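1. Here is a sequence with its predicted model. Questions after.
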Amino acid sequence: MSDYRFCPHCANALIERADATEDGGRLRRACPDQECGYVHWNNPVPVVAAIVEYEGKILLARNAAWAEGVFALITGFLEQGETPEAGIAREVLEETSLHVRETELVGVYEFIRKNELIIAYHVKAEGSVALSPELLEYRLVEPAKLRPWRSGTGQALGDWMRAKGLPFEFVERAGQ
């Protein structure tokens, strides 16, 4: 359940309620004031992810908040009015300074633990890598040497490798 405790419209303390007719019995936090009517739906957040192909290799990056040795795909949240394709091109540019020249959808993946819906792409990018302060380092990995992880964007990487005919085994976490 979300951590919303108060109504963002009228500041009443939210209550949990189930509406079997409209919500199939799901518990939702809602404002007790019937005139306000606010319901916190807590829907998944759309996230874009990129398997960035750069100079024939795949770029993996380490976020500043992650442990040493943990590398993953470039990801980010969509912004209002932005298509997923435009969002991933923006994220790749912001985080690596690379320009996306080709974009191909890999798939859509659930990431229930973080309440996200991941829209994953394979992108071909060009330019010179310069990381944003959000990222500490990057690796360029031969596609055949990639080791996809079992959760989140790792599923997209595995599907991409499978489509390319590359053998792989899943590892427990990113960067292993």
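-> Thanks, I have it.
2. which outside residues touch the strand or helix carrying residue 88?
-> According to DSSP states H and E, residue 88 maps onto helix 84-96. Counting contacts by Cβ atoms under 8 Å, 6 or more residues apart in numbering, the residues outside helix 84-96 that touch it are 46, 48-50, 52, 59, 61, 74-79, 82, 98-100, 103, 119, 121, 123, 125, 129-132, 134-135, 138. Bear in mind the C-beta positions are built from the backbone N, C-alpha and C, glycine included.
3. Buried ones from those residues, can you make that a PyMOL selection?
-> The PyMOL selection below is limited to those of these classed as buried (16 or more other Cβ atoms under 10 Å):
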select buried, resi 48+49+50+52+59+61+74+75+76+78+98+100+103+119+121+123+125+129+135+138
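4. Show me the contacts of helix 84-96 that map onto strands.
-> Among the contacts of helix 84-96, the members falling in strands (DSSP state E) are 46, 48-50, 52, 59, 61, 74-77, 99-100, 103, 119, 121, 123, 125, 135, 138.
5. Next, name the residue at the spatial heart of this protein.
-> residue 47 (3.7 Å; Cα atoms, centre = their mean).
6. which ones are touching that one?
-> 75, 76, 77, 78, 111, 116, 117, 118, 119.
7. hey, what's it bridged with?
-> Residue 47 has these beta-bridge partners by DSSP bridges: residue 77, residue 118.
8. Any stretches of this structure with poor pLDDT?
-> Across the chain, the ranges flagged by pLDDT under 70 are 1-2, 19-24, 174-176.
9. mind giving me the domain ranges of it?
-> Annotated domains of the chain cover 1-42, 45-163 [automatic domain parsing].
10. out of those, deepest packed?
-> Highest mean neighbour count of these: domain 45-163, a mean of 17 (counted as mean count of other Cβ atoms under 10 Å).
11. Could you tell me the end-to-end distance of it?
-> In domain 45-163, first residue to last residue: 27 Å (Cα to Cα, to the nearest Å).
12. Check the secondary structure at the residue lying farthest from the centre of the chain for me.
-> Going by Cα atoms, centre = their mean, the residue of the chain most distant from its centre is residue 35, 36.1 Å out. Secondary structure, DSSP: H, G, I helix; E, B strand; the rest coil: residue 35 is coil.
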